[in-house]
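Novice: My questions are about this predicted structure, shown below with the sequence.
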Amino acid sequence: MSHEFDYDLVIIGAGVGGHGAALHAVSCGLKTAIIEAADMGGTCVNRGCIPSKALLAASGRVRELRDAHHLKSLGIQIGNVEFDRQAIANHANNLVSKIQGDLTNSLKRLGVDIIRGWGRIAGTQKVTVTGDGGEKTITAKDIILSPGSVPFVPPGIEVDGKTVFTSDQGVKLETLPEWIAIIGSGYIGLEFSDIYSALGCEITLIEALDQLMPGFDRDIAKLAERVLITPRDIETKVGIYAKKVIPGSPVVIELADFKTKEVVDVIEVDACLVATGRIPATKNLGLESIGVELDRRNFIPVDDRMAVLSAGEVVPHLWAIGDANGKMMLAHAASAQGIVAVENIIGRERTVDYRSIPAAAFTHPEVSYVGLTETGAKELGQTEGFEIATSRSYFKGNSKALAENEADGIAKVIYRKDTGEVLGVHIFGLHASDLIHEASAAVANRQTVQTLAHLVHAHPTLSEVLDEAYKRAIV
């Protein structure tokens, strides 16, 4: 503990990243404070991962219970299935309150000072906090910036929070529009299309790029489209973007060709969800006071240790984690970065292995992946001089998936032909978000398909889908 400063560490932003950093800092003996101007828990707890998973759990159950054909195949018959929109919304709100409370209490219990107000850099190792009680300045040996991100709303789209809204409002489930347009088919758009279609809404899914689910591996995206989109009440428009969106009753959407920018159609819907990604919340952080410039996309530049950079040089005692540095915009990545920043603060050299960080979309069934896509792996191979290979296995050959009568799914393993090292794994199917962690550990440890093919998996379990994919790789 340094006596020159008020704190060893001050963290600006109490989202999942800031929270993870604070807990680790305390365990390392640092006197720590965390500053938050809005909701404790940030985007993930209040407007992202947590409430959306509650909505997906409830709506998924409705979909399951209304799937008479699936239930009949298991020998089950159910009468009319009804749901209460407000009660589902309450389930999400209650979960948010509980997790927000748990997060706040864990900080208090460990002796982290929670300071309410807007924190900004006021000079080297100095932070000002503006809150209800005016402004105060505190000093810290080290400062971690963890301000998070906000939804991106493209130009021409007017958001009123009621008829045209982002995921921030979407998780409140205040209405169930008969017909909703969803702009963007990334994981946010996919998850909301899963929720809304399960609860009886008609959907138009609008994707500016020339294929749906552009960020996902192509094999996975093709199967996911066949299962998650085609059989459902979802109309798709690909290579088309929303040039203009006017809120109201109805919402008027001007659709244009993404390449030519020419208007091709005008549709009128009951509501519109804008799911076009997120941008860093890096304004008004006082970075100019110490000569730090944001990059062209407004991210805070950092090195692999999470140290903030100015003109390529490390700014001493200043770190940035989470969505604001743009390395990987996932809550658990932010948490990992927070721990890495603290490790480096106390002099233990550590970096983040992004390739081994998994991601998932919690649709029904789920999509998950870790490491490189096939395209990314091929590009790396061309640069570094190796060839890649892939192996696939299918849920329809898995005893547990067949027992559940949930046989739609695939696991795909991408690996180096020469060494067998696993470069990426992509799964679409039942419990994919849980299955991916075995693959994540394999990527983290740079394991080979030859080693993995000899591991023993319990039978009958869904994990055998990966076992099968590894075994097929060495045949």
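Specialist: Noted; the coordinates are in hand.
Novice: Residue 427 should be in a strand, yeah?
Specialist: Yes: under DSSP: H, G, I helix; E, B strand; the rest coil, residue 427 sits within a strand.
Novice: Mind checking the pLDDT average for the lengthiest strand in the chain?
Specialist: If you go by DSSP state E, the chain has its longest strand at strand 134-145. The predicted model gives strand 134-145 an average pLDDT of 96.
Novice: hmm, who's touching that strand?
Specialist: By C-beta atoms under 8 Å, 6 or more residues apart in numbering, the residues outside strand 134-145 that reach it are 2, 4-13, 18, 21, 33, 115, 121-122, 125-129, 285, 300, 306, 308, 317-321, 324, 338, 341-342, 345. C-beta here means a position set from N, CA and C on the backbone, and glycine is covered the same way.
Novice: If we go by neighbour counts, what in that strand is buried?
Specialist: If you call a residue buried by 16 or more other C-beta atoms under 10 Å, then strand 134-145 has these buried ones: 138-145.
Novice: Parallel or antiparallel, which strands does it pair with?
Specialist: Its sheet considered, strand 134-145 pairs with strand 7-12 (parallel), strand 126-131 (antiparallel), strand 313-320 (parallel) by DSSP bridges.
Novice: continuing past that strand, what's the next helix or strand?
Specialist: The first helix or strand that comes after strand 134-145 along the chain, using DSSP states H and E, is strand 149-151.
Novice: Which neighbouring elements make contact with the stretch of helix or strand residue 45 belongs to?
Specialist: Counting by DSSP H and E, the element that carries residue 45 is helix 42-47. The contact analysis (3 or more C-beta pairs under 8 Å, 6 or more residues apart in numbering; DSSP states H and E) places helix 42-47 against helix 16-27, helix 85-109.
Novice: okay, the shortest one in CSV with CA atoms only?
Specialist: Once side chains and other backbone atoms are set aside, the C-alpha atoms of helix 16-27 remain, and they are given as CSV (Å, rounded to 0.1, in the frame of the first residue of the first chain):
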residue,chain,number,x,y,z
VAL,A,16,-18.2,-7.1,-15.4
GLY,A,17,-14.7,-6.1,-16.3
GLY,A,18,-14.3,-3.5,-13.5
HIS,A,19,-15.9,-5.9,-11.0
GLY,A,20,-13.5,-8.7,-12.0
ALA,A,21,-10.5,-6.3,-11.7
ALA,A,22,-11.6,-5.0,-8.3
LEU,A,23,-12.0,-8.5,-6.8
HIS,A,24,-8.6,-9.6,-8.1
ALA,A,25,-6.9,-6.4,-6.9
VAL,A,26,-8.3,-6.9,-3.4
SER,A,27,-7.0,-10.5,-3.4
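Novice: Please list the outside residues in contact with it.
Specialist: For helix 16-27, the external contacting residues (C-beta under 8 Å, 6+ apart) are 8-9, 11-12, 14, 32, 34, 36, 41-42, 44-45, 103, 106-107, 110-112, 144, 146, 148, 321-323, 331-332, 334-339, 341-343, 345.
Novice: Can you give me every residue that contacts the residue nearest to residue 240 when sequence neighbours are not counted?
Specialist: If you skip the residues right next to it in sequence, residue 240 has residue 255 as its closest partner in space, 5.1 Å away by C-beta to C-beta, 6 or more residues apart in numbering. Going by C-beta under 8 Å, 6+ apart, residue 255 touches 206, 237, 240-243, 263-267.
Novice: per-residue pLDDT, residue 255?
Specialist: Model confidence at residue 255, given as pLDDT, is 97.
Novice: helix/strand/coil for it?
Specialist: Using three-state DSSP, the three-state assignment for residue 255 comes out as strand.
Novice: What's opposite it in the beta bridge?
Specialist: If you apply DSSP bridges, the partners that residue 255 bridges to are residue 242, residue 265.
Novice: Would you mind listing the buried residues in the host helix or strand of residue 53?
Specialist: Under DSSP H and E, the secondary-structure element containing residue 53 is helix 49-66. Within helix 49-66, the residues that qualify as buried are 49-60, 62-63, 65-66, counting by 16+ other C-beta under 10 Å.
Novice: which one of those sits closest to residue 95?
Specialist: Sorting the buried residues of helix 49-66 by distance to residue 95 puts residue 54 at the head of the list, at 4.6 Å, by C-beta to C-beta.
Novice: residues contacting that closest one?
Specialist: Residues counted as contacts of residue 54 (C-beta under 8 Å, 6+ apart) are 91-92, 95-96.
Novice: can I get those residues in a markdown table with neighbour count, distance to residue 452 and pLDDT?
Specialist: Converted to a markdown table, the contacts of residue 54 look like this (neighbours: other C-beta atoms under 10 Å; distance: C-beta to C-beta, whole Å; pLDDT from 0 to 100):
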| residue | neighbour count | distance to residue 452 | pLDDT |
| --- | --- | --- | --- |
| 91 | 17 | 39 | 97 |
| 92 | 21 | 38 | 97 |
| 95 | 17 | 36 | 97 |
| 96 | 20 | 38 | 96 |
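Novice: Among these, give me the pair with the biggest separation.
Specialist: 91 and 96 (10.0 Å).
Novice: What separation do you get for residue 23 and residue 153?
Specialist: With distances taken as C-beta to C-beta, to the nearest Å, residue 23 is found 33 Å from residue 153.
Novice: More neighbours: which of those two?
Specialist: For residue 23 versus residue 153, neighbours defined as other C-beta atoms under 10 Å are more numerous around residue 23 (20 against 17).
Novice: what's the spacing between that one and residue 11?
Specialist: Taking C-beta to C-beta as the measure, residue 23 falls 11 Å from residue 11.
Novice: likewise residue 381?
Specialist: 40 Å.
Novice: So for these two, which sits in the more crowded spot?
Specialist: In this comparison of residue 381 against residue 11, neighbours counted by other C-beta under 10 Å, the higher total goes to residue 11 at 34 against 17.
Novice: any idea how far the more buried one lies from residue 132?
Specialist: In this view, residue 11 and residue 132 are 20 Å apart by C-beta to C-beta.
Novice: Which stretches in the stretch 251-400 of the chain count as strands?
Specialist: Shown for the stretch 251-400 of the chain, the strands assigned by DSSP state E, counting those that start in this stretch span residues 251-257, 263-269, 271-274, 278-280, 307-310, 313-320, 359-361, 366-371, 388-394.
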